[in-house]
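Colleague: Sequence below, structure please.
(chains A, B, C and D)
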There are 2 protein chains.
Amino acid sequence: MARPREFDEEKVLELAVEQFWERGYEATSIRDLAEAMGLTTASVYNAFGDKRAVYRRALDFYVERSFVDRVGRFETKSPRLAIDAFFSEIIERSLSDSKRKGCMLVNSALEVAPHDAEFQRVVADVLVQVEGFFLRCIQRGQEDGSIGNRHPATNLARTLLGSLLGIRVLARTRPEKELLEGLIQPVFALLEPNATKQLEAARS
Amino acid sequence: MARPREFDEEKVLELAVEQFWERGYEATSIRDLAEAMGLTTASVYNAFGDKRAVYRRALDFYVERSFVDRVGRFETKSPRLAIDAFFSEIIERSLSDSKRKGCMLVNSALEVAPHDAEFQRVVADVLVQVEGFFLRCIQRGQEDGSIGNRHPATNLARTLLGSLLGIRVLARTRPEKELLEGLIQPVFALLEPNATKQLEAARS
DNA sequence: TACATTTTATAACGATTGATTTAAAACGCA
DNA sequence: TGCGTTTTAAATCAATCGTTATAAAATGTA
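Modeller: Now for the predicted structure:
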């Protein structure tokens, strides 16, 4: 009935992610974008709409790939292991990020979200999801005793979220192993199981 | 000997800070900038050089005003008070940031530093300074007993730095009081003085 | 008052921006 | 084999980009 597309929408979206992730929204021109996607500007507009729409799709693609996937992989593990694995992966990723791309969600939170209500909502939603993941892990851990209950689970989850974002920012200019791992060590200590009953007695 | 300037360099730099801080580097055109500074583009180029040079000066101005000043104001206080006051001010600032400008240093760390070696160095330097401020506070506190020594001061300082950056990012899309204050509460608990000797004995 | 010098205002430079037009190419279906 | 439709390629749109040239305006000094 009509001429078929010469490209796979998912494939070119992945290339768009790469471009926006590395250079950001403003610094990426439509021509940069089209070249990175292996398309003409006309094809980009025909398939996706305008530049902002491509970014929107690219961000969704990134979130799906990076967060949804990761949370899904870790949520089956034991609570402490899930949290450890999450941060290990983030730190490892940050240290091996030779192009200094950081986290595209964090980049969006700073460059795009403050001036665009829709992106504001999208980014906030994802952050709520991540906080929820941490919260569920901590609640499970506090129930089975593998995580201490000296602090409310809600606060601990927020601390983890803050540390995650802090690592992501810090790694952008100071991707040092001792720095990132040293940062998270006291935070992990907050999750340590409660002291023994003997100690509890001594405390009071 | 020559025609005198009609503007005060410090005053217009402050206006440049406002513009770059709110809109970022790429999204601010020279015309936006000149208008914000109350100058013609020719005057901007004559006085500062090119766009990048204005941003550089503006960032220095911001850092001097925001960090150097704040650290200087707090360093004379008692260690715990200094840290508390620092975070109180950051959280308060983040919650009343109606234009969602965030922290210009963090913005620079993500938008400019990754693609510019000089800005990379500038941002990293400031982050080292802030870490140093936290470290000195904690060391003083551990010496006088007002801060516990269950964790190395270096790691605690890094945790505070990470939390600071996390708050700055989080507030950009979720400027919620309970979220930011809940986040920092467990972190502050890490600074609590050591338990009594009786408790220490029970621990071993 | 005239000169040398710097800052101003205005206009313009070529290049690039996001986006669109035009027409040829590539299909399924009649 | 044409027809209708969509995608492609190439050229182009007005607008804006960062930057600069030009010349008038404003000073201190001679």
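Colleague: going forward, measure contacts between C-alpha atoms and count neighbours the same way
Modeller: Noted.
Colleague: Residues contacting whatever helix or strand residue A:87 lives in, please?
Modeller: Secondary structure from DSSP states H and E places residue A:87 in helix A:79-95. With contacts defined as C-alpha atoms under 8 Å, 6 or more residues apart in numbering or on different chains, helix A:79-95 is touched by A:70, A:74-76, A:102, A:134, A:137-138, A:140-141, A:146-147, A:164, A:167-168, A:171-172, A:175-177, A:180-181.
Colleague: Mind doing that once more with 6 Å?
Modeller: Residues outside helix A:79-95 that contact it (C-alpha atoms under 6 Å, 6 or more residues apart in numbering or on different chains): A:74, A:137, A:141, A:171, A:175.
Colleague: Show me which residues of it are buried.
Modeller: Within helix A:79-95, the residues scored as buried using 16 or more other C-alpha atoms under 10 Å in any protein chain shown are A:79, A:80, A:82, A:83, A:85, A:86, A:87, A:90, A:91, A:94, A:95.
Colleague: Ok, stretch A:180-196 next?
Modeller: Counting neighbours by 16+ other C-alpha under 10 Å, the buried set in stretch A:180-196 is A:180-187, A:190-194.
Colleague: Which of those residues fall within helices?
Modeller: Mapping the buried residues of stretch A:180-196 onto helices (DSSP state H) picks out A:180, A:181, A:182, A:183, A:184, A:185, A:186, A:187.
Colleague: Can you lay out these as CSV showing distance to residue B:55 and pLDDT?
Modeller: Converted to CSV, those look like this (distance: C-alpha to C-alpha, whole Å; pLDDT from 0 to 100):
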residue, distance to residue B:55, pLDDT
A:180, 29, 98
A:181, 32, 98
A:182, 33, 98
A:183, 30, 98
A:184, 33, 98
A:185, 36, 98
A:186, 36, 98
A:187, 36, 99
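Colleague: got the residues of chain A near DNA strand D?
Modeller: Within reach of DNA strand D by C-alpha under 7 Å from any atom of the strand, chain A has these residues: A:1-7, A:39-43, A:46-47.
Colleague: what helix or strand does the residue lying closest to residue A:41 once chain neighbours are set aside sit in?
Modeller: Leaving aside its sequence neighbours, residue A:41 sits nearest to residue A:34 (C-alpha to C-alpha, 6 or more residues apart in numbering or on different chains; 5.4 Å). Using DSSP H and E, residue A:34 sits within helix A:30-37.
Colleague: So which residues make contact with whichever helix or strand comes after that helix?
Modeller: Following helix A:30-37 in sequence order, the next helix or strand is helix A:41-48 (DSSP H and E). The contact list for helix A:41-48 (C-alpha under 6 Å, 6+ apart) reads A:34, A:54.
Colleague: List the buried residues of the top helix by length along chain A.
Modeller: What stands out as the longest helix in chain A, according to DSSP H, is helix A:117-144. When burial is assessed from 16+ other C-alpha under 10 Å, helix A:117-144 yields the following buried residues: A:119-120, A:122-124, A:126-127, A:130-142.
Colleague: just to revisit the earlier point, what's the closest of the contacts of helix A:79-95 to residue A:18?
Modeller: Closest approach to residue A:18 among the contacts of helix A:79-95 (C-alpha to C-alpha): residue A:171, at 18.6 Å.
Colleague: sorry, back to before: show me how far the helix holding residue A:34 is from its chain's centre.
Modeller: Put simply, helix A:30-37 sits 25 Å off its chain's centre (C-alpha atoms, centre = their mean, to the nearest Å).
Colleague: How about stretch A:166-179?
Modeller: Between the centre of stretch A:166-179 and the centre of its host chain there is 15 Å, according to C-alpha atoms, centre = their mean.
Colleague: Output it as PDB - backbone C-alpha positions only.
Modeller: Extracted in PDB, the C-alpha atoms of stretch A:166-179 (Å, rounded to 0.1, in the frame of the first residue of the first chain):
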ATOM      1  CA  GLY A 166      24.700  12.400  44.700                       C
ATOM      2  CA  ILE A 167      26.900   9.600  43.300                       C
ATOM      3  CA  ARG A 168      25.600  10.300  39.800                       C
ATOM      4  CA  VAL A 169      26.500  14.000  40.100                       C
ATOM      5  CA  LEU A 170      29.800  13.600  41.800                       C
ATOM      6  CA  ALA A 171      31.000  11.000  39.300                       C
ATOM      7  CA  ARG A 172      30.500  13.500  36.600                       C
ATOM      8  CA  THR A 173      33.600  15.500  37.600                       C
ATOM      9  CA  ARG A 174      35.300  13.300  40.100                       C
ATOM     10  CA  PRO A 175      34.900   9.600  39.100                       C
ATOM     11  CA  GLU A 176      37.100   8.300  41.800                       C
ATOM     12  CA  LYS A 177      36.600   4.800  43.200                       C
ATOM     13  CA  GLU A 178      37.500   5.600  46.800                       C
ATOM     14  CA  LEU A 179      35.300   8.700  46.800                       C
END
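Colleague: Thanks again, I'm all set now.
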